[in-house]
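In: just coords:
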């Protein structure tokens, strides 16, 4: 990947992360976490992973559908959105490393985590 391609990818990922903070605050308010795993401006593919309290939540599928449709409507370059929601397992930070749950707003220095 060229430096220009990587900058575009990071820019799209950052814009989607900021969008998630503004448009989906309910995730964090309910102890859930989210992280943008992939944001490819070339293919339009985006992968978002939900974790924390989202795992096993009765409305997590509705939240995932809302994220999918809203991202496609709000971002010209986004054409395909996959939202991964664990159905069971650990509900802590290890479910989505560096996610937005709890007190984390922009976790650590790792790219793609918020």
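Out: Good, I have the coordinates. The structure displayed is predicted, hence computed values, not measured ones.
In: ok now do the residue lying closest to residue 49 once chain neighbours are set aside, which residues does it touch?
Out: In space, not counting the residues next to it along the chain, residue 49 is nearest to residue 84; the distance is 4.5 Å by C-beta to C-beta, 6 or more residues apart in numbering. For the C-beta atoms, the positions are set from N, CA and C on the backbone; glycine is no exception. For residue 84, the contact set (C-beta atoms under 8 Å, 6 or more residues apart in numbering) comprises 37, 47, 48, 49, 50.
In: ok, so of those, who is nearest residue 67?
Out: residue 48 (5.9 Å; C-beta to C-beta).
In: how about the strands in this structure?
Out: Assigned by DSSP state E, the strands in the chain fall at 32-40, 45-52, 80-84.
In: Among those strands, single out whichever gets nearest to residue 23.
Out: Short answer: strand 32-40, nearest of the strands of the chain by C-beta to C-beta, at 10.8 Å.
In: The closest one versus strand 80-84: what angle between them?
Out: Here strand 32-40 runs at an angle of 150 degrees relative to strand 80-84 (axes from the mean of the first three to the mean of the last three C-alpha atoms, to 10 degrees).
In: what angle separates strand 32-40 from strand 45-52?
Out: Using the same axes, to 10 degrees: strand 32-40 against strand 45-52 is 170 degrees.
In: Give me the buried positions along strand 32-40.
Out: 32, 33, 34, 35, 36, 38, 39, 40 (16 or more other C-beta atoms under 10 Å).
In: Quick check: the gap between the third one and residue 74.
Out: Right, the one you point to is residue 34. For residue 34, the distance to residue 74 (C-beta to C-beta, to the nearest Å) stands at 16 Å.
In: Can you list the low-confidence ranges for this protein?
Out: Across the chain, the ranges flagged by pLDDT under 70 are 1-9, 87-114.
In: try it again with 80
Out: 1-10, 86-114 (pLDDT under 80).
In: where's the residue nearest to residue 49 relative to residue 11, distance?
Out: For residue 84, the distance to residue 11 - C-beta to C-beta - is 23 Å.
In: cool, residue 69 as well?
Out: Applying C-beta to C-beta to residue 69 and residue 11 gives a distance of 22 Å.
In: Next: residue 75.
Out: Taking C-beta to C-beta, one finds residue 75 at 11 Å from residue 11.
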